[in-house]
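[1] need coordinates for the below:
(one chain, ligands or ions: 2)
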Amino acid sequence: MSDCLFCKIAAGEIPSKKVYEDDLCCAFYDIDPQAPTHFLVIPKEHIQSVSQVDGANQATVGHIFAVIARLSKELGLESYRVVSNIGDQAGQSVHHLHFHVLSGRDMTWPPG
Ligand code: AMP
Ligand code: ZN
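    Ligands and ions are numbered 1, 2, ... in the order given. You can find the predicted model right below:
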């Protein structure tokens, strides 16, 4: 999608601090970290949010979760939270599917 921030980051057109990249997805540190470790994992393909996951892209989403598990192990994260906001009321500000991985501090439940 031409006017999407995360499509541009995935394509390398906007710089980011990348943690990981393969053919299907990439991971990069959040520009406004909410925990000592806070990175985002996104599909390279434009998917608006979890609400648009379907039979055609579910393999990519499954792959992203395997990447999250592997990266978190490699980074030595023992406990972490994976969050995806869907829609404005839930706090989604970038309308390209992304999973926040947050770690390194105590977290509260329920989330605000
Ligand atoms: P959400 O609010 O759930 O849609 O998450 C979007 C996230 O993208 C926020 O945590 C922002 O801090 C982060 N973000 C926005 N622009 C950038 C950028 N250029 N590089 C890295 N993270 C970004
Ligand atoms: Zn996009």
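[2] list the buried residues of the helix of greatest length in the chain.
    With secondary structure taken from DSSP state H, the chain has its longest helix at helix 58-74. Across helix 58-74, burial judged by 16 or more other C-beta atoms under 10 Å covers 60-61, 63-64, 67-68, 71-72. (C-beta placed from N, C-alpha, C; glycine too.)
[3] again with stretch 4-18
    Buried-residue list, stretch 4-18, by 16+ other C-beta under 10 Å: 6-10, 16.
[4] make CSV from these and add distance to His38, pLDDT and secondary structure to it.
    Converted to CSV, the buried residues of stretch 4-18 look like this (distance: C-beta to C-beta, whole Å; pLDDT from 0 to 100; DSSP: H, G, I helix; E, B strand; the rest coil):
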residue, distance to His38, pLDDT, secondary structure
Phe6, 15, 98, helix
Cys7, 21, 98, helix
Lys8, 20, 98, helix
Ile9, 15, 98, helix
Ala10, 18, 98, helix
Ser16, 13, 98, coil
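[5] report the two of these separated the most.
    Farthest pair in those (C-beta to C-beta) is Cys7 and Ser16. Separation: 12.2 Å.
[6] so Phe6 makes contact with His96?
    Yes: the pair Phe6 / His96 is scored as a contact, 3.7 Å apart, by C-beta atoms under 8 Å.
[7] any common contacting residues for those two?
    Common contact partners of Phe6 and His96 (C-beta atoms under 8 Å, 6 or more residues apart in numbering): 42, 46.
[8] quick revisit: for the longest helix of the chain, packing partners?
    Here helix 58-74 touches strand 18-21, strand 25-29, strand 37-43, strand 99-103, going by 3 or more C-beta pairs under 8 Å, 6 or more residues apart in numbering; DSSP states H and E.
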